[in-house]
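Novice: Return a 3D structure for these sequence lines:
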Amino acid sequence: MADLFSTGSNPDKAEPQGKGPRPLADRLRPKTLAEVIGQSQVLGPEAPLGVMLGSGSLSSLIFWGPPGVGKTTIARLLADETDLHFVQISAIFTGMPDLRKVFESAKMRRANGQGTLLFVDEIHRFNKAQQDGFLPHMEDGTILLVGATTENPSFELNAAVLSRAQVLVLERLSEDELAQMVARAEAEIDRDLPLDPDARAALLEMADGDGRALLNLVEQVAAWKVDAPLGRDALSDRLMRRAAKYDKSGEEHYNLISALHKSVRGSDPDAALYWYARMLEGGEDPRFLARRLTRMAVEDIALADPQAQGICLQAWEAYERLGSPEGELALAQAVIYLALAPKTNAGYMAYNAARRLARDSGSEPPPKHIRNAPTKLMKDQGYGANYAYDHDAEDGFSGQNYFPDGMERPELYAPVERGFERDLKKRMEYFARLRAERSK
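Specialist: Modelled structure (predicted):
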């Protein structure tokens with residue numbers, strides 16, 4: 001039964017070819033690792049797979065990368081290069097009974113002197129118990145596991161599996177690499193695509209780094225009967241542009257919000273607007289963006305520009321009143337304002353330092369002179385005694401100590417020389433000077 005999942009070590013031998021048409025992507029499938037386009041960072045002579053193959057020692061692997069970059073192809077060719085029996089399963093369609101059959105077949109092959117490379121597509125979709133099921137078979141050499149995932153393995157895979165496998169990052173294909181793929185496709189079909197140079201560039205953009213998607217587009221374009229090469233607009237009319245890769249709950253979500261936040265922090269309004277637009281185009285909830293913009297105002301701008309937080313809240317309210325798409329313009333203006341505002345994290349750092357000091361100092365009580373004394377007993381205990389009412393001081397500043405008795409005065413808030421916080425720094429220095437004078 002497990003052999004239903006097996007394609008053998010050679011895909012051309014494993015699947016008898018009938019007389020029906022074969023998809024272009026299948027016809028162009030590389031026969032050797034040297035034919036693979038892209039991924040030199042893992043396949044080069046000094047790269048991880050190149051070194052493993054050169055030394056004759058292949059370990060279990062996790063391929064992490066976007067769709068259409070060669071994860072399945074490379075796994076299949078690794079089996080060919082190492083004379084391992086290739087078995088492919090998908091975590092979406094495979095349950096524990098199927099896995100047990102796969103492992104039993106692999107044990108029988110091992111007893112007969114042949115190893116098994118088990119390729120698991122979408123491995124992150126297996127739950128913890130299913131992932132744990134691979135461990136004994138990886139450890140005793142029954143299988144060499146090659147998993148493929150589009151999600152961050154750090155979040156999606158068990159630490160035990162990760163400790164027994166090397167994670168290799170496969171990257172989206174560059175436009176030059178996609179162009180090589182188009183040239184290889186044109187050689188296979190023995191004619192050029194009916195596109196002018198601008199339309200060819202648009203075709204590569206539509207693929208968005210996905211080689212499989214590109215070949216599907218090429219196959220569609222090659223089938224068209226046209227009298228003259230098509231331009232970009234004509235191509236766009238005939239083909240639907242692929243939606244940008246974006247998962248609102250996955251790795252790409254966090255990558256893009258990080259890019260937006262760091263662009264704002266880096267005072268680059270153009271980059272910030274770009275990432276903001278990328279998230280909107282991917283279907284992100286504008287309310288999530290409004291919340292994150294407000295966080296940026298609090299965390300990165302703070303008292304360098306006290307208006308920033310209000311600008312964000314007003315933009316958020318404008319979105320709630322206007323809805324899409326008009327309300328998204330209000331948020332875009334908040335993005336621009338935040339990017340160009342003076343920046344400080346002094347308040348953020350002071351808050352964190354205060355929390356650490358509060359944890360470390362335990363339950364030290366306030367000094368008695370700043371405790372309220374609503375009862376006679378408390379007054380007799382010295383609560384409120386010798387408290388100096390600041391408004392009675394000529395300059396409105398008493399200079400008394402407000403930290404617990406015996407605690408060395410810490411310096412938590414250190415305002416910077418930017419924006420409104422420059423004025424706060426002057427006030428801090430003024431009060432520090434008065435405090436030093438009155439402590440003499």
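Novice: Quick check: Arg87 is in a strand.
Specialist: Let me fix one detail, which is that residue 87 is Val and not Arg. Yes. Note on Val87: a strand contains this position according to DSSP: H, G, I helix; E, B strand; the rest coil.
Novice: surely it meets Val120?
Specialist: No. With the criterion set as C-beta atoms under 8 Å, Val87 and Val120 do not qualify as a contacting pair; they are 9.3 Å apart. No exception for glycine: its C-beta is placed from N, CA and C like everyone else's.
Novice: Now do Ala302: how many residues are near it, please.
Specialist: The number of residues packed around Ala302, counting by other C-beta atoms under 10 Å, is 27.
Novice: can you check Ser398 too?
Specialist: Counted with other C-beta under 10 Å, the burial measure for Ser398 works out to 17 neighbours.
Novice: Which one's more surrounded, Val87 and Val120?
Specialist: The neighbour comparison of Val87 against Val120 (other C-beta under 10 Å) goes to Val120, with 27 against 24.
Novice: host element of the more buried one?
Specialist: Secondary structure from DSSP states H and E places Val120 in strand 116-121.
Novice: Determine the set of other helices and strands touching whatever helix or strand comes next after that strand.
Specialist: Per DSSP H and E, the first helix or strand lying C-terminal to strand 116-121 is helix 128-132. Here helix 128-132 touches helix 96-111, helix 159-163, going by 3 or more C-beta pairs under 8 Å, 6 or more residues apart in numbering; DSSP states H and E.
Novice: what's the spacing between helix 128-132 and its chain's center?
Specialist: Its chain's C-alpha centre lies 24 Å from the corresponding centre of helix 128-132 when counted by C-alpha atoms, centre = their mean, to the nearest Å.
Novice: can you check stretch 218-230 too?
Specialist: So, by C-alpha atoms, centre = their mean, the centroid of stretch 218-230 is 37 Å from its chain's centroid.
Novice: these two touch, right, Arg27 and Arg184?
Specialist: No. Here Arg27 lies out of contact with Arg184, judged by C-beta under 8 Å, at a distance of 10.1 Å.
Novice: So for those two, which residue has more residues nearby?
Specialist: A side-by-side neighbour count of Arg27 and Arg184, using other C-beta under 10 Å, places Arg184 first with 16 against 13.
Novice: And the strands in this protein?
Specialist: Defined through DSSP state E, the strands belonging to the chain, from first to last, are 61-64, 85-90, 116-121, 144-149, 166-169.
Novice: List just the one of those that sits closest to Leu53.
Specialist: strand 61-64 (11.9 Å; C-beta to C-beta).
Novice: Let me see the domain layout of the protein.
Specialist: As given by automatic domain parsing, the domain ranges for the chain are 2-169, 175-238, 253-340, 366-438.
Novice: Could you tell me the least trusted of those domains?
Specialist: Between the domains of the chain, the lowest average pLDDT goes to domain 2-169, which shows a mean of 87.
Novice: That one: how far from the chain's middle?
Specialist: On the basis of C-alpha atoms, centre = their mean, domain 2-169 sits 24 Å off its chain's mean C-alpha point.
Novice: Redo the helices and strands packed on helix 128-132 as a markdown table? Include mean neighbour count and distance to Glu317.
Specialist: Conversion of these to a markdown table gives the following (neighbours: other C-beta atoms under 10 Å; distance: least, C-beta to C-beta, whole Å):
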| stretch | mean neighbour count | distance to Glu317 |
| --- | --- | --- |
| helix 96-111 | 16 | 52 |
| helix 159-163 | 13 | 44 |
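Novice: Out of those, flag the one nearest Ile143.
Specialist: Closest to Ile143 of these, according to C-beta to C-beta: helix 96-111, at 5.2 Å.
Novice: relative to strand 144-149, how tilted is that closest one?
Specialist: 140 degrees (axes from the mean of the first three to the mean of the last three C-alpha atoms, to 10 degrees).
Novice: Convert the C-alpha atoms of helix 96-111 to CSV, please.
Specialist: As requested, C-alpha coordinates have been extracted for helix 96-111 and formatted as CSV (Å, rounded to 0.1, in the frame of the first residue of the first chain):
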residue,chain,number,x,y,z
MET,A,96,-0.9,8.1,10.8
PRO,A,97,-2.0,4.8,9.2
ASP,A,98,-0.4,5.9,5.9
LEU,A,99,2.7,7.0,7.7
ARG,A,100,3.1,3.6,9.4
LYS,A,101,2.8,1.9,6.0
VAL,A,102,5.5,4.2,4.6
PHE,A,103,7.8,3.4,7.5
GLU,A,104,7.2,-0.4,7.2
SER,A,105,8.1,-0.3,3.5
ALA,A,106,11.2,1.7,4.2
LYS,A,107,12.3,-0.9,6.8
MET,A,108,11.9,-3.7,4.3
ARG,A,109,14.0,-1.7,1.7
ARG,A,110,16.6,-1.1,4.3
ALA,A,111,16.8,-4.8,5.1
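Novice: Check which helices and strands that helix sits against.
Specialist: Packing partners of helix 96-111 (3+ C-beta pairs under 8 Å, 6+ apart): strand 85-90, strand 116-121, helix 128-132.
Novice: let's go with 7 Å and repeat that
Specialist: With contacts defined as 3 or more C-beta pairs under 7 Å, 6 or more residues apart in numbering; DSSP states H and E, the packing partners of helix 96-111 are strand 85-90, strand 116-121.
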